[in-house]
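**Q** Take this sequence and fold it.
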Amino acid sequence: MQRRFKAAIAGLLWAAASMVMAEQSCEQTGGAQLSSLLVARCINVDASSHPPCNASNRCEWMAEAIRIGCLGLLQDPATAPVYCRSGQENNASVIAAARQTINSAHSAWRKAFPESDPSRIAFSIEELNQDQREDFAALRPLKDGSVVQLVVFYGQPDGSFALQFSSGELAVPVGSKQSVTLKQRYRLVSSDPGSSDPDYQTKADSFLFFDRNSSTGSLRLQYRLEAGELRLIGQERTVQQGKDSNGTSINYPAGKVLQWERRNGKRSETTRKDITLPRLLLPQLNEAMLQ
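**A** Model (predicted):
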C-alpha cells in the first residue's frame, strides 16, 4: 500500500512537472523561429544523443547544452561554429545571440522583400558555403500563399545577410506541406585509427533540402554548393498507397536511379540502373521540374 501511495504521488508530481515544462517550452516562450534555431545549434554542438535539443524543452536547457558543447569545440577555434565564439558567457547570452541572428535575418528579409512579414516565415539557419558564417534559406510566399519561391541568403562579415539565390515559382498544392532546410554533415575523425571513440569532428559538407509532403506521397530534393552554385545532387519521390508505398531515388553525381517498393513494412528494390542526367541549378527549380 505504501509503495502504491508513493507511486501515485510520484505520478502526480511527474504530471505536474510535465505541465510546467509544457507551459515553459521554448516554442511557446520564444517563438518558432528562436526555438528552431536553438534546436539546430544544440544538435550541432551537443555530443550526447540530443535529449535537450527539442523545441518542447525550455530555451534555457538548450542554451546550456549549446554553451557546454561550444566549450569543447572552442579547443579548435578554426573549426568551431561561429556562434560559439561570442555570446557564450551564460545561458541568457546564448539566447540573446540567437535572437540577434534572427533579427539580422529579419532585416535582410525586409530589405529584399518588403511586402512580407519575416516573423511569419519559416526559415532554416546554418552554414552553407563553408566561410565560417551562418546563412539562411526560406520559402517566400507569393500570390496569397498559393505559390512559394525558395530563397537563400549568405551571411556577411558584419553579421548581416544578403540575398544570394532564388528559385522559380513553386505551387503549393492543397493539403501539402513544404519546407526548406540547411544541414551540415560531419565526418567523425579519431587521432587513433584503432579507436572506436572519435576525438573530434570535422565538417564534411553542407546541403540544402527542399521537401514537399502530402497524404499521397512526398518529394525531397537535395542541393550542394559546387563552384559557387547550388546544384541538384539527389531526389527522392515516394507515392503512398494505404500502408504500402513505392518510390524512386536518384543520385545525380553517381548517375544512379533506384526504384523500390515497401509492402507489409518490408522494402525491396525493384530496379537499379545507370543514367546520365543534368545536375540542375537552384534558380532552375520550378513547378514544371517537380512534375
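**Q** low-scoring pLDDT stretches of this structure, where are they?
**A** Scanning the chain with the threshold set as pLDDT under 70 gives 1-23, 49-50, 186-204.
**Q** ranges for the strands of the chain?
**A** Listed in chain order, the strands of the chain (DSSP state E) span 123-126, 135-142, 147-155, 161-171, 177-189, 200-214, 217-226, 229-241, 244-251, 256-263, 266-274.
**Q** Next, name the residue at the spatial heart of the chain.
**A** residue 181 (4.1 Å; CA atoms, centre = their mean).
**Q** my read: that residue touches residue 124, true?
**A** Yes: with contact defined as CB atoms under 8 Å, residue 181 reaches residue 124; the gap is 4.6 Å. All C-beta spots, glycine's among them, are computed from the backbone N, C-alpha and C.
**Q** and for these two, which residues touch both?
**A** Common contact partners of residue 181 and residue 124 (CB atoms under 8 Å, 6 or more residues apart in numbering): residue 137.
**Q** How much space separates residue 181 from residue 39?
**A** Relative to residue 39, residue 181 is positioned 12 Å away (CB to CB, to the nearest Å).
**Q** What is the neighbour count of residue 61?
**A** 19 (other CB atoms under 10 Å).
**Q** Grab the nearest non-local neighbour of it.
**A** With CB to CB, 6 or more residues apart in numbering as the criterion, residue 61 has its nearest non-adjacent residue at 4.8 Å, and that residue is residue 52.
**Q** Can you tell me the number of residues neighbouring the one you found?
**A** Other residues close to residue 52 by other CB under 10 Å number 21.
**Q** give me every residue that touches it.
**A** So residue 52 contacts 42, 46, 61, 62, 64, 65 (CB under 8 Å, 6+ apart).
**Q** need the contact list for residue 72.
**A** The contact partners of residue 72, taken as CB under 8 Å, 6+ apart, are 45, 47.
**Q** quick one: it from residue 45, how far?
**A** From residue 72 to residue 45 the distance is 8 Å (CB to CB).
**Q** coming back round to it: mind checking which of the strands of the chain is nearest residue 84?
**A** For the strands of the chain, the distance to residue 84 is smallest for strand 200-214, at 12.7 Å, taking CB to CB.
**Q** ok, the residue nearest to the centre of the chain - contacts?
**A** 124, 137, 208, 209, 211.
**Q** thought the last one was touching residue 178?
**A** Yes: counting by CB under 8 Å, residue 211 sits close enough to residue 178 to count as a contact (6.7 Å).
**Q** Give the buried subset of the contacts of residue 181 as a ChimeraX selection command.
**A** To isolate the buried ones among the contacts of residue 181 in ChimeraX, judged by 16 or more other CB atoms under 10 Å, type:
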select :124,137,208,209
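**Q** can you tell me which two in the contacts of residue 181 are farthest apart?
**A** Within the contacts of residue 181, 137 and 211 form the most distant pair, 12.0 Å apart (CB to CB).
**Q** Now do the shared contacts for these two.
**A** Contacts common to residue 137 and residue 211, judged by CB under 8 Å, 6+ apart, are 180, 181.
**Q** For residue 94, which non-adjacent residue is spatially closest?
**A** Nearest residue to residue 94, sequence neighbours excluded (CB to CB, 6+ apart): residue 63, at 3.9 Å.
**Q** how far away is that neighbour from residue 268?
**A** As judged by CB to CB, residue 63 and residue 268 stand 45 Å apart.
**Q** Over to residue 112?
**A** 46 Å.
**Q** Comparing those two, which shows the higher neighbour count?
**A** Neighbour totals were compared for residue 112 and residue 268, and residue 112 leads with 16 against 8 (other CB under 10 Å).
**Q** The more buried one contacts residue 163, correct?
**A** Yes: if you go by CB under 8 Å, residue 112 and residue 163 touch, sitting 4.6 Å apart.
**Q** which residues do those two both contact?
**A** 151, 153.
**Q** contacts for stretch 231-242?
**A** By CB under 8 Å, 6+ apart, stretch 231-242 touches 207, 215-225, 245-253, 279-282, 285.
**Q** I'd like to know which of these are buried.
**A** Buried among those (16+ other CB under 10 Å): 207, 217-225, 245-247, 249-252, 280, 282, 285.
**Q** sorry, back to before: let me have the contacts of residue 181 in a markdown table, extended by distance to residue 31.
**A** Below are those laid out as a markdown table (distance: CB to CB, whole Å):
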| residue | distance to residue 31 |
| --- | --- |
| 124 | 15 |
| 137 | 19 |
| 208 | 23 |
| 209 | 23 |
| 211 | 22 |
